[in-house]
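Peer 1: task: produce atomic coordinates for the following.
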Amino acid sequence: MKIVFACVHIQRSSRAVPLGAASVASNIKKHFPDDMEIVIENLYLTDTLEIHIKSIKQHQPDILGLSIYLWNRIESLKIIERIHTALPECRVIVGGPEPSARPDFYTENPDINHVLEGESEELIIPLVNQLLDSSSETPTITPQSLGKASPNLEKLPSPYLDGTLPMEDYTGVLWELSRGCPFRCYFCFESRGHAGIRRFAESRILAELDHFIRSGVSEIFILDPTFNYDKEQAKHLLGILAEKAPDIHYSMEIRAEFLDEELSELFSDIFCTLQIGLQSIHKKVLKSINRSFNQQVFTEKVYLLHEVQVAYGFDLIYGLPKDTLPGFLESLDYTFSLAPNHLDIFPLAILPGTELFDLADSYNIQYSEENSWIVTSTPDYSENDMKKSQQIADAVDLFYNMGKAVSWFDIVLPETLKPSEFFAMAAEFQPQDTETIDPLQFQVEVVTHIFNKLGSPELIELAIDIMQYFWVTNNLFQEGPINGLADGQVVNNSLSLAEFSHNPLDIVNICEQGVNQLADIKDICTYEKIYLACYIAESEFAVYFASKTEYKFLQAALSGNSERSLSYRENPKNRESIENMVKAGLLL
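Peer 2: Sure, this is the predicted structure:
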């Protein structure tokens with residue numbers, strides 16, 4: 001018997017790993033090693049429904065399993081309908097957060113044969129046993145009461161260690177160290193029905209880590225909702241990561257209030273990015289979703305990370321009960337005062353199965369079932385306010401997150417503007433297609449627009465120089481030679497070229513001396529045309545101040561213009577210049 005788990009991801013990325021389905025598949029393999037053929041088929045919302053159906057049909061499954069989440073619910077239901085027509089004998093099993101929260105909705109669907117609620121690794125075993133027995137009538141639903149039956153994590157096989165998830169098929173890893181959440185945030189489904197945290201055995205965790213290291217994994221996303229809830233456990237694990245694999249990039253979710261100096265230092269011993277759920281700074285808003293907040297404590301704890309140079313970001317939610325647009329903007333300004341590496345901003349979603357879903361009517365919250373349960377308005381947050389917030393969130397994502405602006409945003413931010421005011425103005429320039437626009441281009445357009453509007457056009461070139469320098473230096477490719485020219489010219493492939501109106505190294509030096517206002521920097525800097533080549537040489541960042549002719553030669557070399565490149569190299573006047581660029585590591 002063949003079972004296909006169709007896993008519908010948002011898009012192709014290092015996080016598109018079907019860990020939930022693979023964990024279920026792994027336990028099936030353990031119990032039925034000879035009776036079941038298991039296939040995991042990765043699908044993506046960026047592809048068409050036709051591609052999805054074709055990918056599934058090619059396997060001719062007897063059973064189709066789907067994990068249904070907020071983001072893939074609509075596409076999953078379309079797949080189920082089409083598969084029922086194309087493969088009428090195929091039985092369909094669904095699980096995941098959506099069916100767990102709304103089992104009745106899915107059991108009423110005539111195209112679905114079985115619905116699994118909650119964690120399904122053990123639930124599916126008797127069901128598969130029944131399906132293998134063709135004479136057995138199987139129930140429409142195999143229920144699990146939330147908060148009661150949970151699998152014994154120590155008995156579950158690892159889908160990484162048993163080969164269910166071949167490491168060569170994925171660019172990143174989703175890593176479960178535990179399940180459950182100690183908190184009861186009303187908007188979150190994570191802890192509904194489960195009190196406390198259940199941990200996987202350390203022997204399994206260590207074996208998986210060794211497997212990741214041997215496989216050359218470069219990025220791991222730890223799924224624990226609050227990695228540092230148990231400080232001592234977190235410190236123990238961080239010590240292991242620092243000893244065994246400090247150079248893998250780890251992404252973790254933490255709570256700021258559980259930080260201390262020792263824990264912050266341990267985070268700094270590994271290559272990591274921490275995500276901190278703030279949501280709002282207003283106590284009445286947070287009380288409505290069963291959260292608390294002490295601004296002074298939060299600030300002090302975050303500064304512990306800042307002092308040891310650990311990268312961190314925040315989550316904000318707009319449209320929360322009792323929040324307003326001005327209140328959301330105050331939360332936004334506070335987050336920028338803490339210089340986050342990135343800032344993720346989401347509209348509130350009223351997820352089925354959460355406490356907030358049950359309270360939505362009493363709060364008079366309006367939301368759209370068709371659009372992923374996203375809030376459209378509240379008594380204090382109008383539909384227009386929600387749209388404005390989304391525009392600001394998009395501007396922050398493109399300008400600040402994708403534009404990697406953390407190191408220079410305070411310098412470019414006009415003295416007269418709060419961050420929220422800056423991004424409200426940036427939202428006026430929001431492009432229709434944010435997926436194709438170059439973030440640096442967007443930054444240049446926004447800054448030009450804002451400084452012209454403020455009557456300070458003389459600061460535009462300096463601001464662009466700062467943004468362009470950091471954009472180039474933050475986006476260098478790995479060092480190494482390429483041979484892209486017909487004449488055999490070999491160029492360092494990390495090379496990036498840029499023109500400036502001021503020496504960017506002078507600007508950086510001035511800022512390091514404590515001068516952080518554009519107008520003051522302009523008074524000190526000298527206007528001069530600079531042609532800069534930035535690259536990696538011997539694993540170190542390097543710059544080369546090129547002449548205009550050298551700059552044009554390097555442009556030709558990078559673009560593959562062999563005729564222009566060869567003409568420059570054969571000119572005896574340029575021999576010294578070529579030798580200098582070879583010594584500098586630009587030409588290899």
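
Peer 1: going by C-alpha atoms from here, please, whenever you check contacts or count neighbours.
Peer 2: OK.

Peer 1: what sits against the residue nearest to Ile530 when sequence neighbours are not counted?
Peer 2: Excluding its sequence neighbours, the residue lying closest to Ile530 (C-alpha to C-alpha, 6 or more residues apart in numbering) is Phe500, at 4.9 Å. Phe500 sits next to 465, 528-532 when contact means C-alpha atoms under 8 Å, 6 or more residues apart in numbering.

Peer 1: would you mind measuring the gap between the ends of stretch 34-48?
Peer 2: 34 Å (C-alpha to C-alpha, to the nearest Å).

Peer 1: tell me the mean pLDDT for that stretch?
Peer 2: Mean per-residue pLDDT for stretch 34-48: 96.

Peer 1: can you give me how far that stretch is from the chain middle?
Peer 2: 23 Å (C-alpha atoms, centre = their mean, to the nearest Å).

Peer 1: next, the buried residues of it.
Peer 2: 36-40, 42-45 (16 or more other C-alpha atoms under 10 Å).

Peer 1: my guess is Lys76 contacts His9, does it?
Peer 2: Check again: residue 76 is Ser, not Lys. No: counting by C-alpha atoms under 8 Å, Ser76 stays clear of His9, with 10.5 Å between them.

Peer 1: with neighbour numbers in mind, choose between those two.
Peer 2: Taking neighbours as other C-alpha atoms under 10 Å, Ser76 and His9 compare with Ser76 leading, 22 against 19.

Peer 1: spit out the contact partners of the residue nearest to the more buried one when sequence neighbours are not counted.
Peer 2: Nearest residue to Ser76 in three dimensions, chain neighbours excluded: Ile68, at 6.8 Å (C-alpha to C-alpha, 6+ apart). Residues in contact with Ile68 (C-alpha under 8 Å, 6+ apart) are 76, 94-99.

Peer 1: from these, pick the one nearest Leu332.
Peer 2: Using C-alpha to C-alpha, Pro97 comes nearest to Leu332 of the contacts of Ile68, at 29.9 Å.

Peer 1: grab the nearest non-local neighbour of that closest one.
Peer 2: Here the residue nearest Pro97, using C-alpha to C-alpha, 6+ apart, is Tyr69, at 5.7 Å.

Peer 1: quick one, what contacts that neighbour?
Peer 2: Counted by C-alpha under 8 Å, 6+ apart, Tyr69 has contacts 96-98.

Peer 1: pull up the pairing partners for the helix or strand hosting Val92, direction included.
Peer 2: Using DSSP states H and E, Val92 maps to strand 91-95. Strand pairing for strand 91-95, determined by DSSP bridges: strand 63-67 (parallel), strand 114-116 (parallel).

Peer 1: what about the first one, distance to the chain center?
Peer 2: It refers to strand 63-67. 26 Å.

Peer 1: which residues touch the helix or strand just after that strand?
Peer 2: Once the chain leaves strand 63-67, the next helix or strand it forms, by DSSP H and E, is helix 73-86. Applying C-alpha under 8 Å, 6+ apart, the contact partners of helix 73-86 are 8, 45, 49, 52-53, 57, 66, 68, 90, 92, 98, 111-112.

Peer 1: same deal with stretch 244-260?
Peer 2: So stretch 244-260 is in contact with 213, 217-229, 231, 269-277, 297-298, 301-302, 304, going by C-alpha under 8 Å, 6+ apart.

Peer 1: now those: which count as buried?
Peer 2: For those, buried by 16+ other C-alpha under 10 Å: 217-229, 269-277, 298, 301-302, 304.

Peer 1: so which of those residues sit within helices?
Peer 2: Members of these lying in helices (criterion: DSSP state H): 298, 301-302, 304.

Peer 1: now, among these, which is nearest to Glu383?
Peer 2: Phe298 (31.0 Å).

Peer 1: now do the closest one against Leu304, distance only.
Peer 2: Taking C-alpha to C-alpha, one finds Phe298 at 10 Å from Leu304.

Peer 1: how about Cys272?
Peer 2: 15 Å.

Peer 1: likewise Ser501?
Peer 2: Distance from Ser501 to Leu304, by C-alpha to C-alpha: 37 Å.

Peer 1: what's the answer for His502, then?
Peer 2: Counting by C-alpha to C-alpha, the gap from His502 to Leu304 is 35 Å.

Peer 1: tell me the domain ranges of the protein?
Peer 2: 2-142, 172-377, 382-455, 476-584 (automatic domain parsing).

Peer 1: other residues contacting stretch 513-523?
Peer 2: By C-alpha under 8 Å, 6+ apart, stretch 513-523 touches 410-412, 414-415, 459, 462-463, 507, 510-511.

Peer 1: for that stretch, measure first residue to last.
Peer 2: 15 Å.

Peer 1: now it: mean pLDDT?
Peer 2: 93.

Peer 1: could you do stretch 156-168 as well?
Peer 2: On average, stretch 156-168 scores 97.

Peer 1: what of stretch 359-375?
Peer 2: Per-residue scores along stretch 359-375 average to 93.

Peer 1: report the buried residues of it.
Peer 2: Here stretch 359-375 shows 360, 365-367, 372-375 as buried, counting by 16+ other C-alpha under 10 Å.

Peer 1: using PDB, write out every CA atom in that stretch.
Peer 2: Output in PDB follows, covering the C-alpha atoms of stretch 359-375 (Å, rounded to 0.1, in the frame of the first residue of the first chain):
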ATOM      1  CA  LEU A 359     -13.900  35.800  22.300                       C
ATOM      2  CA  ALA A 360     -14.000  37.500  18.900                       C
ATOM      3  CA  ASP A 361     -17.800  38.200  19.100                       C
ATOM      4  CA  SER A 362     -17.600  39.700  22.600                       C
ATOM      5  CA  TYR A 363     -14.700  41.900  21.400                       C
ATOM      6  CA  ASN A 364     -16.700  42.800  18.200                       C
ATOM      7  CA  ILE A 365     -13.800  41.800  16.000                       C
ATOM      8  CA  GLN A 366     -14.500  41.500  12.300                       C
ATOM      9  CA  TYR A 367     -12.300  39.000  10.300                       C
ATOM     10  CA  SER A 368     -12.300  37.200   7.000                       C
ATOM     11  CA  GLU A 369     -12.500  33.500   6.800                       C
ATOM     12  CA  GLU A 370     -11.700  33.600   3.100                       C
ATOM     13  CA  ASN A 371      -8.500  35.600   3.800                       C
ATOM     14  CA  SER A 372      -6.800  33.400   6.400                       C
ATOM     15  CA  TRP A 373      -8.900  34.600   9.300                       C
ATOM     16  CA  ILE A 374      -7.200  38.000   9.200                       C
ATOM     17  CA  VAL A 375      -8.900  40.800  11.100                       C
END
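
Peer 1: got a winner among the contacts of Tyr69 for most neighbours?
Peer 2: Glu98 (24 neighbours).

Peer 1: what about that residue, which helix or strand?
Peer 2: helix 97-101.

Peer 1: what's in contact with that helix?
Peer 2: 67-70, 73, 105-106, 115-118, 189, 352-353.

Peer 1: what subset of these is buried?
Peer 2: Buried among the contacts of helix 97-101 by 16+ other C-alpha under 10 Å: 67-69, 73, 106, 115-118, 189, 352-353.

Peer 1: could you work out the end-to-end span of stretch 288-304 for me?
Peer 2: By C-alpha to C-alpha, one end of stretch 288-304 lies 29 Å from the other end.

Peer 1: so which bits of that stretch are buried?
Peer 2: 288-293, 298-299, 301-304.

Peer 1: measure stretch 362-376 end to end?
Peer 2: 16 Å.

Peer 1: contact partners of it?
Peer 2: Contacts of stretch 362-376 (C-alpha under 8 Å, 6+ apart): 70-71, 319, 321, 347-351, 360, 377-379, 382-383, 386.

Peer 1: which among those gets closest to Arg564?
Peer 2: Trp71 (50.8 Å).

Peer 1: re earlier: export the contacts of helix 73-86 to JSON lines and append columns for distance to Asn492.
Peer 2: Output for the contacts of helix 73-86, formatted as JSON lines (distance: C-alpha to C-alpha, whole Å):
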{"residue": "Val8", "distance to Asn492": "39"}
{"residue": "Leu45", "distance to Asn492": "37"}
{"residue": "Leu49", "distance to Asn492": "43"}
{"residue": "His52", "distance to Asn492": "41"}
{"residue": "Ile53", "distance to Asn492": "44"}
{"residue": "Lys57", "distance to Asn492": "46"}
{"residue": "Leu66", "distance to Asn492": "46"}
{"residue": "Ile68", "distance to Asn492": "46"}
{"residue": "Cys90", "distance to Asn492": "55"}
{"residue": "Val92", "distance to Asn492": "53"}
{"residue": "Glu98", "distance to Asn492": "50"}
{"residue": "Asp111", "distance to Asn492": "57"}
{"residue": "Ile112", "distance to Asn492": "56"}
